Structures are given as structure tokens and as C-alpha cells.
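Chemist: sequence and predicted model, in that order:
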Amino acid sequence: MLRLSANPSPFHPSSLLSPSASLVRPRRLLRLRALAVAASASPSARSLRLLEWGKVCRAVASFAGTAHGREATEKQLWGVEDVSYEHSRRLLRETEAAVRLLGSSGGSLDFSGLDTVAVESAINRVSGGSVIKGQEAMAVVSLMLLVESLQGTIKAAMKQGEDSRDLLMPLTETILDAVVSKSLVKSIQDIIDDDGSVKDTASPELRRYRDQVQVLESRLCQLMDKLIRNADNEASLSEVSSVNGRCCIKMTGNKSSNFDGLLLSSGSDAGSMIEPIVAIPLNDELQGARALVARAELDALSKLTDKILLELDNIQILMQETITLDKVTARAKYSIAYDGTLPDLYLPNFEHGTIDTAKDGPVSTTFSDQLPKRSWKLFIPNAYHPLLLQQHQENLRRTKKDVASATSEIRRRRIYGQDIAEEDQLAADLDFMKIRVSPRLKKTMCILSSLDNLCFSLQVSELERNHPIPVDFMIAEETTVLVITGPNTGGKTISLKTVGLASLMAKIGLYILASEPVKIPWFDAVYADIGDEQSLTQSLSTFSGHLKQIGAIRAQSTSQSLVLLDEVGAGTNPLEGAALGMSLLESFAEAGSFLTLATTHHGELKTLKYSNDSFENACVEFDEENLKPTFRILWGIPGRSNAINIAERLGLSLDIVESARQLLGTAGAEINALIMDMEKFKQDYHEQLQQAQHYLMQSKELHNNLEVAQKNIVDHTTAQRKRKSRVVSEYAVMARSIIHKKFQLFRESAIAQRVVEEEKAAEKAKLERVKGPEPSSTSSLKKTQITNSSMATKASDNIIDEDGGIPEVGDLVYVPKLKNQATVVKIDPSKNEVQVQAGMMKLKLKLKDVKIQKQRTSR
């Protein structure tokens, strides 16, 4: 084992170096010590370093609102190696609940206003028997009010539906059970002001002492002003100052003062501090009053400390629960900020060679419906590397801010009419901001001497177009080893890191930065061999460093591990490296990890797929037109060599190119041609697939629109039918009412007209009898009337009136208004009504309007 010593021997060669070299030696020793620590770390810990997991942890922790929340979040993320499958699913449920809560409550989950450092200081101070400070007490109040607000927010979100209640249960297990002491909050607010100072109302003594201090300070100020006004020395300047809380006069100038006093300090530049003799008693009295104020404040804080001590355990619980919720919220805010997707995390079942999800079901029930019908071991569409996406958003945000500042500056200069030449420096500064702008666009933008807003908009739009390119990962269930080939700088290493980071993020409860749906297995560990593994401390070359790391990974990986190997078999003789790489990958496929992803330049590794069903090929796409990679992965196709074609396009001599092709051989050329045809077929397939998906989306959208239109038509028809039925019913009721009223009026009018006609007939008959004989027709009519009258008289002689009785059905009654008889048809005693029939008419009359009659018995 290598031992490093910070104190070398005097006879060590390093002791003979120059002084400047001796200053560099400690820095070099620290670097060597760091390398030694890294070399002694476990393969999984080294893999986290290679994947830059620490940067992801810091990025997620930055979304926490409190200092303790950021520290706890980063610590939790670094403990990803020790997280079990059940714990991972619980973390995902917490993150999902927090995402739902943030969506329903907006910005109510904001912990930035809480000073957890002050709360922790208050807890330590009270538990240690010290008196709490005012600012610490107000931090405790902020903690309690925040918990109370969080409880209200969660309760309001749970009332939105039964599914919301079930989804938010992971967040409600502890925070809703926390008890907030409102009496303690009121006690602190009654004593401590918002700025942490003790209020005058804390105690009567404190108010009295503070009033006394104000009176003494006022008297001192009046005294000092009087002394300064009485001074007639114009050569010196004097002003009121304070030294250690004692009021004095600061004198500047060469001449002495004209009043007696004590010289507290003096200096040629600062002047002399003199405490007048007449002010000493007031200063002493003021110091005593201030001491009494401090003692009264300490008494108030001491009483408050005793009250906080009674609730100390509860405050500690509130502190822990708030930090826990801050951690969950940080994961949720990170997932929302980068448009993450909730993964379907499953645990492989190796006993029967199948893959099962958890017993309690998936986190979300929509994944199985959204996934294609094929069985996938890992399915991550449009996956982004989190650090690349973060860097892009930060650059875009910074550029927008700089553009806004530059735009306002130019607008300000134009308003004040400054010379346009003064904008040259501003233009130079703006050129510094032009990130990833093409030279032609730069030239065009520089021509715009006015530097108007179009120039700035082009900068932002160009940066927005240079968005990181996502990668699709679709690994079938039967695949154990994936071999990715392709040119350098084509995105192979970034693809490996993207899968590794996505696996770690899902395991620790983070959303994956990809499109829906996402299916990913739970890995007990992620092992990576990426980059240059030279070891200065162990005298290892690049090839030896890789072999040592891969050997440690092979020894520790299990059937639930993910292994990422970059440039396997590189760094040595190509034939030996290819053979060693094939042997290593076959070893991982037979009894190694659950999934292994390897990148290589060795063409022999592409052939493993055709002899072993556990292998699958993929390659990064290369644009031969522009001679640059597209950073996309083509699945099921081995990568082909592009070196000769690139050399030909770059203008290398045709003789050299043809000689290289002959040396490569006909078989190699045929294989490359076959791979080229496969790539073309794959590209055509993807284009047609995208077109089919586009048409499918359009048909689905049209189908949904048609269903909506059909539903609207049905709803409109139903509403119209109901409206028409309602209108018909209303008009029917109105018609019945009108008919009933018309009938009543007609009946009353008919009765009245008949009475009038009878009266007129009687009057006319009387007049005719007075005038003399009538014509024959009139006389016959009169005879008929006389006959009827006589018959009525005879009939009246045969009936007897009965007043006050109730007729029966079938009785004859006399109706005075009609002056005629009628037969009783129906009786309604409850309404005192009777229905009678007089000839062809049926009338409904009151009982008082009819007289009961019956036939007299003839003698």
C-alpha cells in the first residue's frame, strides 16, 4: 500500500527543490492523496463519480427551500446505493404526491422563507439551558406557521376527490399528525417583534426603562446642541458622536475647545472625542438605564425560553417533518422543471425467468396501456442527459437575461440621444453572448448597426433550436447485452451515461427526463467503466486501469445490476482486444449482470448477436452528407466503418482510397454495403413509422372531435326536446286556463242574456195587453206563453219549497237566476257546490243559489 507523507525526509530529493517548487508540493500531495482515495473506493462509488452523479445531486438539492433541506436532499441522493426496491417505490410515490400537490396548490409549497439554521440554533440554545434570542424565537414561529399552512394546503388538496386522497397519503402520514401550539405562537408574537427585537409590551418594567432611556437621550442631545452653539471657535468643527455608548463631542481642528471635558480619544485625522464634564452624570445615568433595559429584555426572553422548553420535543418533530417534506418537494420541483416522466419501476423475478412488477401494483396504472405490445426490459423514449439539459436551460436563461439587459440599455441610449458610436462596446459585449450562432448569421447581425431587437431575438431562437437531442432506448426482454458501435463524438458515451443516470434517478425517487411511458428495472447497483482509468498511484496504464475496473465490476455485479462498459477491449492490440472484449461480454451475458451496455470500435463484437440471442446491436447514426454524427441511435443495426468514405469526401487521393478498399477486402466492402442498405431500410422504416404515427394521431384527433361533435348533437337534441316539451306543457296549461276563463264568461253571459230576454219578453207582453188585440201570430205566441205560464202555475201549485236543506242527487231544485227548474247531478259538500242540469246545460252553482223543491201530494 502506498503511504504518502506530508513531512519528507531532509535527504529526500524533493527537499532540494527551489522555494517555488516547495510551494507546489502540498497541492501535488493533495492531488495524489485524492487519487489514492478514489483508487481505494468501491467500484459502485467509482461508477457514481464517472457518471457525474454528484452534479445531479447538487442540481436536485438546489430546488430545496431551506439550508437543511438542501443538505438532507444531497445526502439522501448520495445514498442511492443503499436504497431497497420497496424504499424506491415509496420515494416515487412521495414524489408523485408532491407533483400533484404542486399542481393543485401552485406556489404554496415554498420553504424559502424558513430559516432552519436559526431554528436549529434555537433548539440547541434552549436544550443547553441558554436564553433564546429574538430572531431565533421568530424563526420558531415561522416554522409553526409554515406547518399549519402546509396542513391546510394538503387538506384542501385531499378534498378534490378520492383519488387525490389516496395519492397524497404518503405526504399525510406524518405532517397532518403534527401539532402546532398556537398558544406558544401567540406568546412569542406578543413578546418579540418581526425584526427579532423585544416589544415594549413584553413587561411594564421594560416599557418604563425604555421611556427613561428616551428621556435621558433627549436631555443629552439638548445639552450637546447647547454646548456646540455656545462655542465661538470658528476654526474648529464639532459634532455630536458616541463612544462606547457615551455621548460626546467630536472636535476637528487645531484649536482647543472652550469647554471642560474628558478626552476619550484623539487623532490627527479622526479628530478628538471629548466628553463634557456637565454630560458625565447624564451619561452615567443613561448607561444605568440601558443596563436596566437589557436586564428586562433578558427576563422577558428567559420566560419565553421556559415556554419554548415545554414544546421543545414538538418543535424538533416539526423541524424534521418540514425538512423531510422539503426533500420531497425538491425532487418534485426538479422533475417538473425538466419535464420528467414518472417511471414504471419493476423488480425482475429470476426464479422463473420472467419479469414481475411489485405486489402492490405499479406506481401508476397507465404504463401497460401506453407501452407497445412487445415485452420490453427497458423502454425510455426521448431520454435526455440531465446535465446536458440543465446546461442548455441555464445558457438559454442567461442569454435571455443578457438580451433583456442589452435591449433596455440600447433603448435608454436612444431615448437620451447618445451617439451611436458609443454602442460599439455594447456590440462587442453582445458578440460575447452569441452562443452557437453560425458565422453567416453573425455577419448579418453585425451589419445591423442599430443593434435592434431582431438581432437579440435571433440569438435566443438560435440557442433554442440547438436543443439537446434525445435518445431512444428500447431494449427487448430477451436482450442481456447491448453492443453500440459508431464513430467517435457520435454520442455513445453520453448514451451510456444517460441510461446510468436514469436508472439512479428512478431508484432514488426522481422522475426520468424522457417522454411517456417509461419502463425501467430496479438495479441493486450501477457499475460503469467510462473514460481514462490511468492510475498514477498504482502505475497502471489505460488498458490496465480498464481491466482492473472491469474485473472488480465482474466480481461484484449480480443478476440485478446494470453494467456500462465504454470502449471495451480498447487500448491494446486490436485482435487481442476484440477477443478479450468478446469473452468479457459473453461472461456478462451468461452469469453476469441483468443488463450490460457496451460501446466498441471492434467489428468482431457485432457478430455476437448472430450466435447468441442474448445480444443486440445498435449504432449511432452518421450523416455522410455533412460528415458529422446525428447523435441518434439506430436499433438492430451494427455500425459500419466510415473512415474510407470520409477520407474520399475530404479529398484524399483516389489511389490511396482505392488501395485502402482493396486492402480491406471484398468481404468487408460487402458487409459495409449490406449495413448501409440496412441503415437505409431502417431510416425509411422510421420515416414511414413517424408518418404512420402522425396519421394515427390525426385520425385519433378527428375521431375524438367526431365523438365530441356527436355528443354535442345528442346533448343539443335532448335539450331541444326537453325545451319543446316544457314549452308545450306551459302553453297547454295557459290554454286550459284561458278556455276555463272563456267558458266561465260565456256561461255567465248566457245566463245574464237569458234573464234580460225574459224580462224584455214580459215587458213586451204587458205592453201588448194594454194596446189591444195582437195579430194572429202574436196571439198564438202569447197563448203558448200563457199555456206555459199556466202549466208552471199548476206545477208550482204541486211543489213545496224547502229552504236550508242539502239536496240529493236526482232532486229537483229551483234556480232563481234562471227562473227554471234543474236536476241535481253531483254534490260537493266540502265546497258547498252543486252541479245541476237544466235542459242541455250543466251548471256548477253554490248551494245558496238553489232551492230544494219536491212534488206536493194531490188530494
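Modeler: Thanks, I have the structure now.
Chemist: tell me the strands in the stretch 601-750 of the chain, going along the chain?
Modeler: Using DSSP state E, counting those that start in this stretch, the strands of the stretch 601-750 of the chain run over 615-623, 628-635.
Chemist: among the ones you listed, which is nearest residue 170?
Modeler: strand 628-635 (35.7 Å; C-beta to C-beta). No exception for glycine: its C-beta is placed from N, CA and C like everyone else's.
Chemist: contacts for that closest one, please.
Modeler: For strand 628-635, the surrounding residues in contact (C-beta atoms under 8 Å, 6 or more residues apart in numbering) are 469, 471-474, 484, 486-487, 489-491, 494-495, 616, 618-623, 679, 682-683.
Chemist: select only the buried ones of the residues you listed in PyMOL?
Modeler: To isolate the buried ones among these in PyMOL, judged by 16 or more other C-beta atoms under 10 Å, type:
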select buried, resi 471+472+473+474+484+486+487+490+491+494+495+616+618+619+620+621+622+679+682
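Chemist: what's the burial count for residue 528?
Modeler: Using other C-beta atoms under 10 Å, residue 528 is surrounded by 26 other residues.
Chemist: repeat that for residue 730.
Modeler: The burial count for residue 730: 10, using other C-beta under 10 Å.
Chemist: hang on, the earlier thing: closest one to residue 212 among the strands of the stretch 601-750 of the chain?
Modeler: Shortest distance between residue 212 and the strands of the stretch 601-750 of the chain, using C-beta to C-beta, is found for strand 628-635: 77.1 Å.
Chemist: how about the closest residue to residue 531 other than its chain neighbours, phi and psi?
Modeler: If the residues on either side of it in the chain are set aside, residue 531 comes closest to residue 50, at 6.2 Å by C-beta to C-beta, 6 or more residues apart in numbering. With angles defined as degrees, to the nearest 10, residue 50 sits at phi -70, psi -30.
Chemist: before we move on, the earlier item: now render the strands of the stretch 601-750 of the chain as CSV, adding mean pLDDT.
Modeler: As requested, the strands of the stretch 601-750 of the chain are exported to CSV (pLDDT from 0 to 100):
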stretch, mean pLDDT
strand 615-623, 84
strand 628-635, 80
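Chemist: TSV please, covering those and showing distance to residue 98.
Modeler: Output for the strands of the stretch 601-750 of the chain, formatted as TSV (distance: least, C-beta to C-beta, whole Å):
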stretch	distance to residue 98
strand 615-623	36
strand 628-635	33
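Chemist: mean confidence for the top helix by length along the chain?
Modeler: For the chain, the longest helix by residue count, based on DSSP state H, is helix 666-771. For helix 666-771, mean pLDDT rounds to 82.
Chemist: and the angle from that helix to strand 615-623?
Modeler: Note on geometry: by axes from the mean of the first three to the mean of the last three C-alpha atoms, to 10 degrees, helix 666-771 and strand 615-623 are set 80 degrees apart in direction.
Chemist: helix 666-771 to strand 628-635, inter-axis angle?
Modeler: Angle of helix 666-771 versus strand 628-635, following the same axes, to 10 degrees, is 80 degrees.
Chemist: quick one: list the elements packing against helix 666-771.
Modeler: Under the contact criterion of 3 or more C-beta pairs under 8 Å, 6 or more residues apart in numbering; DSSP states H and E, helix 666-771 touches strand 628-635, helix 776-797, strand 841-846.
Chemist: which of these comes out lowest on mean pLDDT?
Modeler: Of all the helices and strands packed on helix 666-771, the minimum mean pLDDT falls on helix 776-797 (a mean of 44).
Chemist: coming back round to it: now the longest helix of the chain against strand 841-846, angle please.
Modeler: Taking the same axes, to 10 degrees, one finds helix 666-771 and strand 841-846 inclined to each other by 90 degrees.
Chemist: now do helix 666-771: distance to the chain's middle.
Modeler: Between the centre of helix 666-771 and the centre of its chain there are 42 Å (C-alpha atoms, centre = their mean, to the nearest Å).
Chemist: with stretch 488-495 instead?
Modeler: Between the centre of stretch 488-495 and the centre of its host chain there is 32 Å, according to C-alpha atoms, centre = their mean.
Chemist: go ahead and name everything in contact with it.
Modeler: Residues outside stretch 488-495 that contact it (C-beta under 8 Å, 6+ apart): 385, 388, 469, 471, 473, 484-486, 530-531, 566, 597, 599, 620-622, 629, 631-633.
Chemist: can I get it in CSV? Just the C-alpha atoms.
Modeler: The C-alpha trace of stretch 488-495 is given here as CSV (Å, rounded to 0.1, in the frame of the first residue of the first chain):
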residue,chain,number,x,y,z
ASN,A,488,-16.2,9.0,-32.1
THR,A,489,-18.1,12.0,-30.8
GLY,A,490,-21.2,10.3,-32.0
GLY,A,491,-22.9,10.1,-28.6
LYS,A,492,-22.1,6.6,-27.5
THR,A,493,-20.6,7.6,-24.1
ILE,A,494,-23.4,10.1,-23.5
SER,A,495,-25.9,7.4,-24.2
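Chemist: and it, average pLDDT?
Modeler: 81.
Chemist: what segments of the stretch 451-600 of the chain are strands?
Modeler: With DSSP E, counting those that start in this stretch as the definition, the stretch 451-600 of the chain shows strands at residue ranges 471-476, 481-485, 519-521, 525-529, 561-565, 595-600.
Chemist: distance between the strand or helix carrying residue 142 and the chain's centre?
Modeler: In this assignment (DSSP states H and E), residue 142 forms part of helix 134-158. Computed by C-alpha atoms, centre = their mean, the chain-centroid distance of helix 134-158 equals 20 Å.
Chemist: need the residues that contact the next helix or strand after it.
Modeler: Per DSSP H and E, the first helix or strand lying C-terminal to helix 134-158 is helix 162-167. If you take C-beta under 8 Å, 6+ apart as the criterion, helix 162-167 is touched by 96-97, 100, 104, 157-158.
Chemist: ok, and for helix 162-167, which residues are buried?
Modeler: For helix 162-167, using 16+ other C-beta under 10 Å, the buried residues are 164, 167.
Chemist: what mean pLDDT does that helix get?
Modeler: For helix 162-167, the mean pLDDT works out to 75.
Chemist: which parts of the helix or strand just after it are buried?
Modeler: Using DSSP H and E, the helix or strand that follows helix 162-167 in sequence is helix 169-172. Neighbour-count burial for helix 169-172 flags 170-172 (criterion: 16+ other C-beta under 10 Å).
Chemist: same list (those) but as TSV, adding pLDDT.
Modeler: Below are the buried residues of helix 169-172 laid out as TSV (pLDDT from 0 to 100):
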residue	pLDDT
170	76
171	78
172	75
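Chemist: list just the nearest of the residues you listed to residue 729.
Modeler: The nearest member of these to residue 729, counting by C-beta to C-beta, is residue 172 at 51.5 Å.
Chemist: show me what contacts the closest one?
Modeler: Applying C-beta under 8 Å, 6+ apart, we find residue 172 in contact with 154, 158.
Chemist: so residue 589 sits against residue 480, correct?
Modeler: Yes. Contact between residue 589 and residue 480 holds when scored by C-beta atoms under 8 Å: they sit 4.7 Å apart.
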